[in-house]
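Chemist: how would this look folded up:
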Amino acid sequence: MSTLALDPSALLGRFYISFWVPTAVLTAALLLKLPTIIRLWRDPLLRAVGGVLVLAATVFVFCMPSMIAWMNRLTGVANFAAPWCYSLIAANSGACLLFIVTWRNGLPERSAVTRRATRWVVSVYSGVIAALWVLFLLADVPVVRVRDLDTYYARTPFMREEILLYLLAHAVACALSFRLIRDWARDR
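Modeler: Residues are numbered from 1 along each chain as shown. This next block holds a predicted model:
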């Protein structure tokens, strides 16, 4: 008797359902919203929605273990997918913050505060992404790790800083999102 017959999760695990289902939902939402985004491109809120949907779907596609292995093989660089995935996660975190800033401050006009917050988010998260790549170039990560790179290289110089940086950038985005939404809800 085969192992797959006894364990259906092993068969489903090979298809990475937990990655494809959110990708499909996010892509469907983007396709439904795309005509409006294109028609009303000047609307910053619609652009922010489109950015969040595209980046979130991209994170799910490129952070899938089979895609990570494929990217590493394609580039010939051990663990190349790590800074790529971390960069996508950081970009998505920044896009979510931009969406909340745009949504919270309203559509009629973009205030100086909104423009300043937008520039801050873009600058900080662009800097984080650049730093992720620099740290990866400085790190020595010769053993390809598809599923446990974070824990395997957690004590490796420069790689530990890269891991902490992407986690910190994501945590800051989550904390700021919570605060912005909480403050907005109190004002209503």
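Chemist: residues in contact with the closest residue to residue 140 other than its chain neighbours?
Modeler: Closest residue to residue 140 apart from its sequence neighbours, by CB to CB, 6 or more residues apart in numbering: residue 156 at 6.8 Å. Glycine gets a C-beta too; all of them are placed from N, C-alpha and C. The contact partners of residue 156, by CB atoms under 8 Å, 6 or more residues apart in numbering, come to 139-141.
Chemist: Run through the helices of the chain in chain order.
Modeler: Here the chain has its helices, by DSSP state H, at 3-6, 8-15, 17-39, 44-62, 65-75, 81-104, 112-138, 149-152, 159-187.
Chemist: about what we covered before: can you list which of the contacts of residue 156 are found in strands?
Modeler: Of the contacts of residue 156, none are assigned to strands by DSSP state E.
Chemist: hang on, the earlier thing: distance-wise, check the residue nearest to residue 140 relative to residue 136.
Modeler: Distance, residue 156 to residue 136, by CB to CB, to the nearest Å: 11 Å.
Chemist: what does residue 38 give?
Modeler: Separation of residue 38 from residue 136 (CB to CB) stands at 35 Å.
Chemist: More neighbours: the two, which one.
Modeler: With neighbours defined as other CB atoms under 10 Å, residue 38 and residue 136 compare such that residue 136 has more, 20 against 10.
Chemist: Now residue 176: closest residue in space, sequence neighbours ignored.
Modeler: Using CB to CB, 6+ apart and skipping the chain neighbours, the partner closest in space to residue 176 is residue 97 (6.0 Å).
Chemist: who's in contact with that neighbour?
Modeler: 121, 125, 173, 176-177, 180.
Chemist: what's the farthest-apart pair in those residues?
Modeler: 125 and 180 (15.4 Å; CB to CB).
Chemist: Which ChimeraX command selects the buried ones in the contacts of residue 97?
Modeler: Burial among those is assessed by 16 or more other CB atoms under 10 Å; the matching ChimeraX selection reads:
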select :121,125,173,176,177,180
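Chemist: okay, and the helix or strand of this protein with the least pLDDT?
Modeler: helix 3-6 (a mean of 54; mean pLDDT, DSSP states H and E).
Chemist: Run through the chain and note the low-pLDDT ranges.
Modeler: Low-confidence segments of the chain, defined by pLDDT under 70: 1-15, 105-110.
Chemist: Mind doing that once more with 90?
Modeler: 1-18, 42-45, 101-117, 183-188 (pLDDT under 90).
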